[in-house]
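Participant: quick one: sequence plus predicted model below, questions after.
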Amino acid sequence: MQSALVIFDGSNFYHKAKKLSPNIHLTSFNYRKLSEMLSSKDCDIEYCVGEIKRENNNQKSKEIYNGQMVLFNNLRNHKIIIKKGFMMKIGNLYHEKGVDVRIATDIVKGALNGEYEFFYVISSDSDILPAIEVAIAAGKKVSYIAFEKTIISKALAINCSETIFITKNMLEDCSVKLEEQ
């Protein structure tokens with residue numbers, strides 16, 4: 001049993017990390033190194049994201065799908081568990097579905113089954129707040145991982161055990177330069 005679980009909300013992480021440090025390459029990013037910086041513990045790591053599907057006759061979907069496959073290979077190489085939701089297309093827009101429920105379920109299950117004592121949640125989505133409340137009521141510590149220089153979720157900051165900020169320097173320290181690949 002690991003004492004800590006670090007959970008990445010993949011889409012949330014992507015958008016906030018790119019806003020803070022636009023030049024980092026997240027398909028080759030060292031997610032394990034960042035997780036260990038945040039948790040200072042031996043930890044399990046989950047990366048939760050909506051799975052992209054290739055659409056026939058849609059070059060953009062093929063490019064996005066290929067990028068996600070590169071990301072998934074990177075995550076697997078670092079022994080990071082990939083948890084997939086799905087993408088639902090409404091008109092020309094895609095909406096991620098099932099990811100928040102997956103994150104919430106893993107927090108509740110991990111807390112109530114005694115799998116983890118510490119949870120590090122890299123998401124600003126307050127939909128997972130009920131799961132966080134269950135974990136804290138079970139005596140577990142839940143850290144809200146936010147990004148410096150961005151708007152944070154006040155609901156998560158107030159209800160979690162602590163708030164830890166990812167800095168631009170942390171992102172750059174975990175970034176794999178293209179020439180290193």
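Facilitator: Yes, it's here.

Participant: any chance you could list what contacts stretch 47-62?
Facilitator: Residues outside stretch 47-62 that contact it (C-beta atoms under 8 Å, 6 or more residues apart in numbering): 7-11, 31, 64-65, 68, 75, 80-87, 94, 96-99, 102-103. C-beta coordinates here come from the backbone N, C-alpha and C atoms, glycine included.

Participant: got the contact list for the closest residue to Asn12 other than its chain neighbours?
Facilitator: Nearest residue to Asn12 in three dimensions, chain neighbours excluded: Ser123, at 4.8 Å (C-beta to C-beta, 6 or more residues apart in numbering). Shown in contact with Ser123 (C-beta under 8 Å, 6+ apart): 7-9, 12-13, 100, 103, 145, 156.

Participant: equivalent analysis for Asn74, please.
Facilitator: Under the criterion of C-beta under 8 Å, 6+ apart, the neighbours of Asn74 are 27-29, 31.

Participant: mark which of those are part of helices, please.
Facilitator: Counting by DSSP state H, these place Tyr31 in helices.

Participant: from the contacts of Asn74, pick the one nearest Ser21.
Facilitator: Phe29 (10.2 Å; C-beta to C-beta).

Participant: so the closest one sits against Asp173, correct?
Facilitator: No: contact between Phe29 and Asp173 fails when scored by C-beta atoms under 8 Å: they sit 10.6 Å apart.

Participant: those two - which one has more neighbours?
Facilitator: Phe29 (21 against 12; other C-beta atoms under 10 Å).

Participant: so what's the more buried one up against?
Facilitator: 17, 74, 171, 174-176.

Participant: what's the mean pLDDT across the helix ranked longest in the chain?
Facilitator: For the chain, the helix with the greatest residue count under DSSP H is helix 59-77. The pLDDT scores in helix 59-77 average 90.

Participant: and what of stretch 118-126?
Facilitator: 95.

Participant: distance across it, terminal residue to terminal residue?
Facilitator: The straight-line separation of the ends of stretch 118-126 (C-alpha to C-alpha, to the nearest Å) is 19 Å.

Participant: tell me the buried residues in that stretch?
Facilitator: In terms of neighbour count (16 or more other C-beta atoms under 10 Å), stretch 118-126 has its buried residues at 118-125.

Participant: likewise for stretch 50-59?
Facilitator: Quick answer for stretch 50-59 (16+ other C-beta under 10 Å): 50-52.
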